[in-house]
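J.: generate a structure from the sequence data that follows.
(one chain, ligands or ions: 2)
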Amino acid sequence: MDLSTCTKIFAVLAIYICITGAVVKTNNNQDCPNCVDDSTAAANRWTMPLLKYGEKRYYLGIFFKANYYRATQYCRFHGMHLASINSQEENDKLEKYIKDFGLGHEHFWTSGTDLAQEGSFFWMSTGRPITFTNWNAGEPNNFQYENGEEENCMELWNRDGKGLKWNDSPCSFETYFVCEAHES
Ligand SMILES: [Ca+2]
Ligand SMILES: [Ca+2]
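T.: Ligands and ions are numbered 1, 2, ... in the order given. Coordinates of the predicted model:
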């Protein structure tokens, strides 16, 4: 084999490698145009810092407002539940966390509800009855609206400047929400 032939073979081989590489790359893009390298997925799993409390982590759903059901669905889709609050300390930590984000004036869904039985509230996230409570004065009042809807879903709301107290609210109300994740 003379030098000229060797050079030609090398050139063809180089072109082949380039083309093959390009095809593979193109195919990857076609198969999944919106895919990102999932080697960084763990670091990017959450889009904002989570409040850690014991074995629980709270996530604030503040990128869109949703009714109780959609908020529930969103939390579940991301491997979480709407939040439950089981002590004053937990309540205070969550309240501070929300206030530190400058969102203390907003409403936030929790998983609390009396949808199953009027007046009997439980946490949908755990299925357990609500024991610790932080209701605002006069709540829960199960207010009935003109369209017949009553108040069956529990939100955090700073109604009168006394902090994020609990209020039963119509489940169709669209607002922010708190999800909770458990370490496993
Ligand atoms: Ca009710
Ligand atoms: Ca109410």
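
J.: tell me where this protein has helices.
T.: Using DSSP state H, the helices of the chain run over 3-31, 68-77, 88-100.

J.: spatially central residue for the protein, please.
T.: Geometric centre of the chain, nearest residue: residue 75, 4.5 Å, by C-alpha atoms, centre = their mean.

J.: pLDDT at the closest residue to that residue other than its chain neighbours, what is it?
T.: The shortest distance from residue 75 to any non-neighbouring residue, by C-beta to C-beta, 6 or more residues apart in numbering, is to residue 179 (3.8 Å). Just so you know, the C-beta spots here come from the backbone N, C-alpha and C atoms, and that holds for glycine as well. On pLDDT, residue 179 comes in at 96.

J.: residue 52 versus residue 179, what's the distance?
T.: Distance, residue 179 to residue 52, using C-beta to C-beta, to the nearest Å: 14 Å.

J.: likewise for residue 101?
T.: 15 Å.

J.: pLDDT score for residue 99?
T.: If you check residue 99, the pLDDT there is 94.

J.: residues in contact with the nearest residue to it once chain neighbours are set aside?
T.: What sits nearest to residue 99 in space, not counting adjacent residues and going by C-beta to C-beta, 6+ apart, is residue 164, at 7.8 Å. Residues in contact with residue 164 (C-beta atoms under 8 Å, 6 or more residues apart in numbering) are 91, 94, 95, 98, 99, 104, 108, 156, 157, 158.

J.: and what of residue 113?
T.: 68, 121, 122, 124, 152, 153, 154, 171.

J.: same thing but 10 Å
T.: By C-beta atoms under 10 Å, 6 or more residues apart in numbering, the contact set of residue 113 is 68, 72, 82, 120-124, 130, 152-154, 168, 171.

J.: most surrounded residue in these?
T.: residue 154 (32 neighbours; other C-beta atoms under 10 Å).

J.: dig out what it forms beta bridges with.
T.: residue 168 (DSSP bridges).

J.: then residue 59?
T.: Beta-bridge pairing for residue 59 (DSSP bridges): residue 179.

J.: where's the residue nearest to residue 75 relative to residue 138, distance?
T.: For residue 179, the distance to residue 138 - C-beta to C-beta - is 28 Å.
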